[in-house]
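Chemist: The amino acid sequence is not available; the structure is as follows:
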């Protein structure tokens, strides 16, 4: 009965926004499924449609951003749950090469495009940094829905995304320091060392600790103790990641990976977790679409810049990461290449930092934003094409096109 | 890598707050399970401990309030899923009597206590209104965890809580109008009629519509179509409820009830839904505990007032609702009585409205807040006692004390 209270009215408008986002996302997902296109693309486009660019029914807000962030955190947690540490370590060397080449090429391309467009040195550094970002959530969602997370190229993409995030952190620290006019190499080295140590420590030790604790966890009085512990570990390592300097999703992925062996075949836990992702991931996807401001593209020079940056972003990531997978088949190299293309929310955050520091100008910001959303829309169909023969897609009715990542546990439960 | 951005730092502090709340809630739930006390009490006390009153690690905020509200919305949705409309209609007459008597007695008691404590007329009306509120979420959680939601007294409590909420809305409209100095009886009648029509319409027709649509829903390409439709319906009817004037949880309960028959035995959907409640309900419970400000109780006269209001709140609701169940066994009358005792977030919202209108003074606000939290802490152990023989509690190790409400679906899946 809170209709009389101002703050209650705010609640109702927030709940209304969430309802509109969720309904739009699910309707667009359904339409895209029927068109045999990736559901994630439909859900991001739902955000473009209901967001400020077209209908203006919903605008980005703090609550939506937090829900979106919790959504992608649990998405990566779910992916981690299906990734045993050994599977990542086995592809370690190749993933490092993929991550490094996938950082260098896009950075150089972004830097020189900005310089060619009369950008300042600091501006060019920022555009380069924004090109480096990889949003592994999108790829994980698409591969998970196709049941292909356990493929070798999928594991390379996941591991390379972690490495990519750490390199991205170092580059962002560097360009932010340049933007603020004071570079402390010792400070940056300290940040980088903390990020690397944290990630390596959790990846190496986390699973062993959880496997050791498993019998004790099982004796807890809480219902579904592994699920409840997983929730706490997922949020805890996400927060720790942010404080160390890497993205929250890295911590969430590591939390999932730490529990992967202890909870293997725990159908109930995987189902409960995917209840959260099915509810919250649409807010993450719709929120990406809502960031797009189509109005800036009335200026044709911005359109040209945005298109060039986007093409460069796709090609450099595809070529850089693909080359990193040298020694595999051309098809597998292509799979790794396309999987790293989406920039998503990470590219948007980098651009927002640049804008916040007053380093990058409006047309560069708009173009990077466009690139982040466009690469995220382009990648899923490419992923489907490059993985199509591995996927059980024989064209008949029982094709599983959109299903949560834990569905391949059904056979166990 | 968002460590450099001010708003990103805010995200990390919000995520940290969520982590602290969740971890504290689950630890306290585990401790209370071991003490054979209701887990909900532990989770509310976790809020008192980590909140401003004791440790001050976490404070109420907009994001937390929204997550808490989504949590209780999905809790009532889950309860609705296990409640077939016919089961509610069968207890309708008795529930009306329980609801009405459970509103009249507490209102009179609150009114006269406030007058005796030198409260103004408007102030006394507000204290009475705050005494009327019932927070059915707490009771539903306890009964659900004991697997007793299908008992006749449970259904009476659920139906009476809906009636209680509509009566509470009318009273709140009335006292708010008095507080603002202008009473429009036509306006209040319109609000009341809209609330009653909306609730009755959805309760009567919702289930028929969903049963009719079930085959079409099943043909959707979305994974777990009933779950996805349930999410949309739950948020949609919650928002509609607020606009009509009743609490969001009423809409969520009606949404669940509309789907109860169509999704009976749909183990997967119930499991996915309970993943959301297991994650979000702790924020609802901890948030209630965080509202308590122990500092005001350094003034002994406030302590006395708070204790008197609390005792009156427990006795009047217990007696009023118990008498409403006249004709049942004394034990069942007691079950209905204790089930309606918790005031929880509804009582807090009424007090906040009074404070916002400048109608009630600080010591009355503090006392009503204390009453809302205290009744919510007192009720669960009473519910356990009054229902103890119905519950399969033979003292041995396999007693199910805290389990999500959908656990009794395991036999179907």
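Modeler: That came in fine, so what should we check first? What you see is a predicted model, and the numbers here were worked out from it, not measured in a lab. Residues are numbered from 1 along each chain as shown, chains lettered A, B, ... in the order given.
Chemist: contacts and neighbour counts: CA atoms only from here.
Modeler: Fine.
Chemist: those helices in the stretch 101-250 of chain A, which residues are they?
Modeler: Per DSSP state H, counting those that start in this stretch, the stretch 101-250 of chain A has helices spanning A:121-132, A:136-145, A:152-180, A:185-218, A:225-244, A:248-260. These are given in chain order.
Chemist: Give me the contacts around the last one.
Modeler: When contacts are taken as CA atoms under 8 Å, 6 or more residues apart in numbering or on different chains, the neighbours of helix A:248-260 outside the stretch itself are A:72-74, A:76-85, A:162, A:199, A:202-203, A:206-211, A:230, A:233-235, A:237-242, B:1.
Chemist: near chain B at all, stretch A:280-291?
Modeler: No - contact of stretch A:280-291 with chain B is not found when judged by CA under 8 Å from any CA of the partner chain; the minimum separation is 9.4 Å.
Chemist: Contacts made by that stretch with the rest, please.
Modeler: Residues lying outside stretch A:280-291 but in contact with it, judged by CA under 8 Å, 6+ apart, are A:18, A:21-22, A:25-26, A:40, A:43-53, A:59-60, A:64-65, A:67-72, A:75, A:344-345, A:369, A:373.
Chemist: quick one: which of the residues you listed sit in helices?
Modeler: Taking DSSP state H as the definition of helices, these contribute A:18, A:21-22, A:25-26, A:40, A:43-50, A:64-65, A:67-72, A:75, A:344-345, A:369, A:373.
Chemist: Buried by neighbour count, from the residues you listed: which ones?
Modeler: Buried positions within the ones in helices among the contacts of stretch A:280-291, assessed by neighbour count (16 or more other CA atoms under 10 Å in any protein chain shown), are A:18, A:21-22, A:25-26, A:40, A:43-50, A:64-65, A:67-72, A:75, A:344-345, A:369, A:373.
Chemist: will you turn the helices of the stretch 101-250 of chain A into a markdown table that also has mean neighbour count?
Modeler: Shown next, in a markdown table, are the helices of the stretch 101-250 of chain A (neighbours: other CA atoms under 10 Å in any protein chain shown):
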| stretch | mean neighbour count |
| --- | --- |
| helix A:121-132 | 29 |
| helix A:136-145 | 26 |
| helix A:152-180 | 24 |
| helix A:185-218 | 16 |
| helix A:225-244 | 23 |
| helix A:248-260 | 29 |
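Chemist: With distance to residue B:325 added, can I get these in TSV?
Modeler: Supplementary listing: the helices of the stretch 101-250 of chain A in TSV, determined by distance: least, CA to CA, whole Å:
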stretch	distance to residue B:325
helix A:121-132	66
helix A:136-145	52
helix A:152-180	60
helix A:185-218	42
helix A:225-244	38
helix A:248-260	50
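Chemist: re the thing from before, ok, and of the buried ones among the ones in helices among the contacts of stretch A:280-291, which contact chain B?
Modeler: Counting by CA under 8 Å from any CA, the members of these near chain B are A:18, A:22, A:26.
Chemist: residue contacts, the last one?
Modeler: Same thing as residue A:26. Under the contact definition (CA under 8 Å, 6+ apart), the residues listed for residue A:26 are A:43, A:282, B:222, B:228.
Chemist: The second one now?
Modeler: Residues touching residue A:22, when contacts are defined by CA under 8 Å, 6+ apart, comprise A:282-283, B:232.
Chemist: same question, residue A:71
Modeler: With contacts defined as CA under 8 Å, 6+ apart, the neighbours of residue A:71 are A:276-277, A:279-284.
Chemist: Just the buried ones from these?
Modeler: Buried among the contacts of residue A:71 by 16+ other CA under 10 Å: A:276-277, A:279-284.
Chemist: Which single one of these is nearest to residue B:171?
Modeler: residue A:279 (35.5 Å; CA to CA).
Chemist: could the helices of the stretch 101-250 of chain A go into TSV alongside distance to residue B:118 and mean pLDDT?
Modeler: What follows is the helices of the stretch 101-250 of chain A, written out as TSV (distance: least, CA to CA, whole Å; pLDDT from 0 to 100):
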stretch	distance to residue B:118	mean pLDDT
helix A:121-132	65	91
helix A:136-145	60	85
helix A:152-180	61	85
helix A:185-218	55	86
helix A:225-244	48	92
helix A:248-260	54	90
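Chemist: picking up where we left off before, which of the buried ones among the contacts of residue A:71 fall in helices?
Modeler: Counting by DSSP H, the buried ones among the contacts of residue A:71 contribute A:276-277, A:279-284 to helices.
Chemist: nearest to chain B, of the residues you listed?
Modeler: Proximity of those to chain B (CA to the nearest CA) peaks at residue A:276, which lies at 5.2 Å.
Chemist: Which residue is the nearest non-sequential neighbour of that closest one?
Modeler: residue B:276 (5.2 Å; CA to CA, 6 or more residues apart in numbering or on different chains).
Chemist: Ok, residue A:294 next?
Modeler: In space, not counting the residues next to it along the chain, residue A:294 is nearest to residue A:53; the distance is 5.4 Å by CA to CA, 6+ apart.
Chemist: what's the answer for residue A:386, then?
Modeler: Excluding its sequence neighbours, the residue lying closest to residue A:386 (CA to CA, 6+ apart) is residue A:335, at 5.6 Å.
Chemist: tell me the contacts of the nearest residue to residue A:309 once chain neighbours are set aside?
Modeler: Distances taken as CA to CA, 6+ apart place residue A:371 nearest to residue A:309, at 6.5 Å, with adjacent residues excluded. By CA under 8 Å, 6+ apart, residue A:371 lies in contact with A:306-307, A:309-310, A:313, A:343.
Chemist: switch the cut-off to 7 Å
Modeler: With contacts taken as CA atoms under 7 Å, 6 or more residues apart in numbering or on different chains, residue A:371 has the following neighbours: A:306, A:309-310.
Chemist: just curious, which of these is nearest to residue A:363?
Modeler: Closest to residue A:363, out of all of the contacts of residue A:371 and judged by CA to CA, is residue A:306, at 8.7 Å.
Chemist: how far away is the closest one from residue A:234?
Modeler: The spacing between residue A:306 and residue A:234, counted by CA to CA, to the nearest Å, is 36 Å.
Chemist: cool, residue A:314 as well?
Modeler: Separation of residue A:314 from residue A:234 (CA to CA) stands at 31 Å.
Chemist: cool, residue A:281 as well?
Modeler: From residue A:281 over to residue A:234 the distance is 15 Å, taken as CA to CA.
Chemist: same question, residue A:115
Modeler: Residue A:115 sits at a distance of 41 Å from residue A:234 (criterion: CA to CA).
Chemist: which residues touch stretch A:175-191?
Modeler: Counting by CA under 7 Å, 6+ apart, the neighbours of stretch A:175-191 from elsewhere in the structure are A:122, A:125-126, A:170, A:173-174, A:245, A:359.
Chemist: for stretch A:112-126, that is, sorry about that
Modeler: Residues from elsewhere that reach stretch A:112-126 (CA under 7 Å, 6+ apart): A:110-111, A:127, A:175, A:178-179, A:354, A:359-360.
Chemist: How many residues are close by residue A:56?
Modeler: Around residue A:56 there are 13 other residues, counting by other CA atoms under 10 Å in any protein chain shown.
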